[in-house]
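Peer 1: sequence unknown, structure follows:
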């Protein structure tokens, strides 16, 4: 396995990519409302990304036809924006986006409630977000990758939620997906030892019910097998000599 260690220059470019991606998510979150289409979200997201002189990471990546993955309710990830898919009061929507700045990627996802949502949906969103923060407590030089994964799983399962096994996080840099894979669940092997300069996209994908998922006929959209809600939270993370740096979370969100 070849895990790239980023140079100071590369980290600076990824830091700027992350800052722009964070701004993109902030602007998208303010625009969300009942009655808008998932295509509206994608169109706005691409406009924002390009306004900063960046390119959307996802557009045409392996054939994906949009800039923002917009996944509603039981859709886990990779929902394809559609002019006929309207958001409704009570929906939850996961927005996964990436930007390329001067050849370097950042990748981040958030799940939002549309209008008034149920307490159960709100808890799923908050627990999924907290899973990320439980995981990155272990995102330190000298720890093993599996320490992050185990912490995410342990926190999610305390609430009886299902941790998706079929999709994982990943390394990131000059490529959107690099080594290593970053699972949200423990494996027998503890994984690689973390070193300063590694950059990881850590992304809990948590289902309100079973962890099992299925792919729809469009070959992209992944949904929960049992129809339960799903939430997604992701940031691009830099391993340092000390505490991890969240490259795609630069405002005081946490």
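Peer 2: All right, it came through fine. Note that this is a predicted model, so its numbers are computed, not measured. Residues are numbered from 1 along each chain as shown.

Peer 1: C-alpha from now on. contacts and neighbour counts both.
Peer 2: Noted.

Peer 1: residue boundaries of the helices in the stretch 51-200 of the chain?
Peer 2: 119-136, 145-158 (DSSP state H, counting those that start in this stretch).

Peer 1: Highest mean neighbour count out of these?
Peer 2: Mean neighbours per residue, mean count of other Cα atoms under 10 Å, is largest over the helices of the stretch 51-200 of the chain for helix 145-158, with a mean of 22.

Peer 1: is it possible to export the helices of the stretch 51-200 of the chain to a markdown table including distance to residue 20 and mean pLDDT?
Peer 2: Shown next, in a markdown table, are the helices of the stretch 51-200 of the chain (distance: least, Cα to Cα, whole Å; pLDDT from 0 to 100):
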| stretch | distance to residue 20 | mean pLDDT |
| --- | --- | --- |
| helix 119-136 | 20 | 98 |
| helix 145-158 | 26 | 98 |
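
Peer 1: need these in CSV with distance to residue 65, can you?
Peer 2: Shown next, in CSV, are the helices of the stretch 51-200 of the chain (distance: least, Cα to Cα, whole Å):
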stretch, distance to residue 65
helix 119-136, 26
helix 145-158, 30
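
Peer 1: looking at those, which is closest to residue 194?
Peer 2: Among those, the nearest to residue 194 by Cα to Cα is helix 145-158 (6.4 Å).

Peer 1: helices and strands around the closest one, which ones?
Peer 2: If contacts are counted by 3 or more Cα pairs under 8 Å, 6 or more residues apart in numbering; DSSP states H and E, helix 145-158 sits against helix 119-136, strand 162-163.

Peer 1: Could you say which one of the helices of the stretch 51-200 of the chain comes nearest to residue 33?
Peer 2: Using Cα to Cα, the helices of the stretch 51-200 of the chain put helix 119-136 closest to residue 33, at 16.3 Å.
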